[in-house]
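**Q** predicted coordinates and the sequence they were generated for:
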Amino acid sequence: MDGTTPAPEELLKIAVEVAREAAETACRMRADGVSGVATKSTVTDVVTAADRAVERQAVATLRAVRPGDAVLGEEYGDAEGAGPAGGSGVRWILDPIDGTVNYLYGLPHYAVSLAAEVDGEVVAGVVRNAATGDEWTAVRGRGAYRAGQRLHGSVETDLGQALVATGFGYDPARRAHQAGVLHRLIPYVRDIRRFGVASIDLCLAAEGLVDGYYEKGLNLWDHAAGGLVATEAGLRVDGLAGAAPGPDLVIAAPPALFGPLHDHLARLDAAGGP
């Protein structure tokens, strides 16, 4: 290594290779039978041996290719590195299996999500649905793509005709609050979808297969790659009142829908509760 930061396109190439290998491992372990199931924050928040194995594999590959970088993963946190961005200014943000409950049940919606952050800004990302092989990629300033097609999000302008995706946390009190928000929001939209995979939800919004998305309680590894895909597809990805997307709330929608959706969510205290 010469100490220079590679171009975002080169970081994306690395991310795609790592994500594809990780997805293959996840699928192979799923075919062999889910094992090592444990819980994390609550009894419904599950983690499997595959989550841990896939993360270890991806981190090892990244370490081999980019030894000076930092890695933030869902299962093991910050891998060893020189500070939050490593000695290189690059940090990788990894969710080894986003949608572990789907993975546990064999539902075909679970993803490897990997983003590259340079000096605090996400510049490249990939989300790969391990079950189907669908793959979404983005480079900051260069657009978002799936299967070679550039993504542009939904053209819907009426929130009342918008199909909106969302998700729920694992804490029962948080779920109750989120259900209340949903109960009061649903009269103002076409319908709601809940797939259980934040990274894929963001990519579906980028593709226009849903018109918008919101969720409370996301960690950085949940939305780093998918959020870039959505942004590069022309969506606005933010929190409430100009806040950055984060644990309080992530909203992703085309500009015409973002304002009305944001205002309803603010009125309904979507960022509140436990």
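**A** Everything's here; your move. Numbers count the residues shown, from 1 in each chain.
**Q** what's the span of stretch 249-256, first residue to last?
**A** In stretch 249-256, first residue to last residue: 19 Å (CA to CA, to the nearest Å).
**Q** now it: average pLDDT?
**A** Averaged across stretch 249-256, the pLDDT comes to 98.
**Q** residues making contact with the helix or strand containing Ser199?
**A** Ser199 is located in helix 198-207, with elements delineated by DSSP states H and E. Helix 198-207 has contacts (CB atoms under 8 Å, 6 or more residues apart in numbering) with 95, 98-99, 109, 111, 113, 127, 129, 136, 144, 146, 151, 153-154, 165-167, 195, 210-213, 215, 218, 222-223, 225-227, 229-230, 232-233, 235, 237, 250, 252-253. Backbone N, C-alpha and C define where each C-beta goes, glycine included.
**Q** downstream of that helix, the next helix or strand is which one?
**A** strand 212-215.
**Q** that following strand: how far from the chain's middle?
**A** 12 Å (CA atoms, centre = their mean, to the nearest Å).
**Q** please parse the chain into its domains.
**A** Listed domain ranges for the chain are 8-150, 159-267 (source: automatic domain parsing).
**Q** I'd like those as a markdown table, with mean neighbour count appended.
**A** Formatted as a markdown table, these follow (neighbours: other CB atoms under 10 Å):
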| stretch | mean neighbour count |
| --- | --- |
| domain 8-150 | 19 |
| domain 159-267 | 21 |
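**Q** weakest of these in terms of mean pLDDT?
**A** domain 8-150 (a mean of 90).
**Q** quick check: end-to-end length of that one?
**A** Using CA to CA, the two ends of domain 8-150 sit 17 Å apart.
**Q** hang on, the earlier thing: now the domains of the chain in a markdown table, please, with extra columns for distance to Gly273.
**A** Below are the domains of the chain laid out as a markdown table (distance: least, CB to CB, whole Å):
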| stretch | distance to Gly273 |
| --- | --- |
| domain 8-150 | 15 |
| domain 159-267 | 3 |
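**Q** among these, which is nearest Pro274?
**A** domain 159-267 (4.3 Å; CB to CB).
**Q** off-centre distance for the closest one?
**A** Worked out by CA atoms, centre = their mean, domain 159-267 lies 12 Å from the chain centre.
**Q** Ala270 against Val181, yeah?
**A** Yes. The pair Ala270 / Val181 is scored as a contact, 4.9 Å apart, by CB atoms under 8 Å.
**Q** and the strands in the stretch 101-250 of the chain, which stretches?
**A** Secondary structure of the stretch 101-250 of the chain (DSSP state E, counting those that start in this stretch): strands at 111-118, 121-129, 135-139, 143-146, 149-150, 163-166, 191-193, 212-215, 236-238, 250-253.
**Q** what does the last one contact?
**A** Right, the one you point to is strand 250-253. Against strand 250-253 from outside (CB under 8 Å, 6+ apart): 154, 162, 198, 202, 205-206, 211-216, 218, 223, 227, 230, 235-240, 245, 258, 261-262, 265.
**Q** can you check the fifth one too?
**A** Surrounding strand 149-150, the residues in contact under the criterion CB under 8 Å, 6+ apart are Gly143, Ala144.
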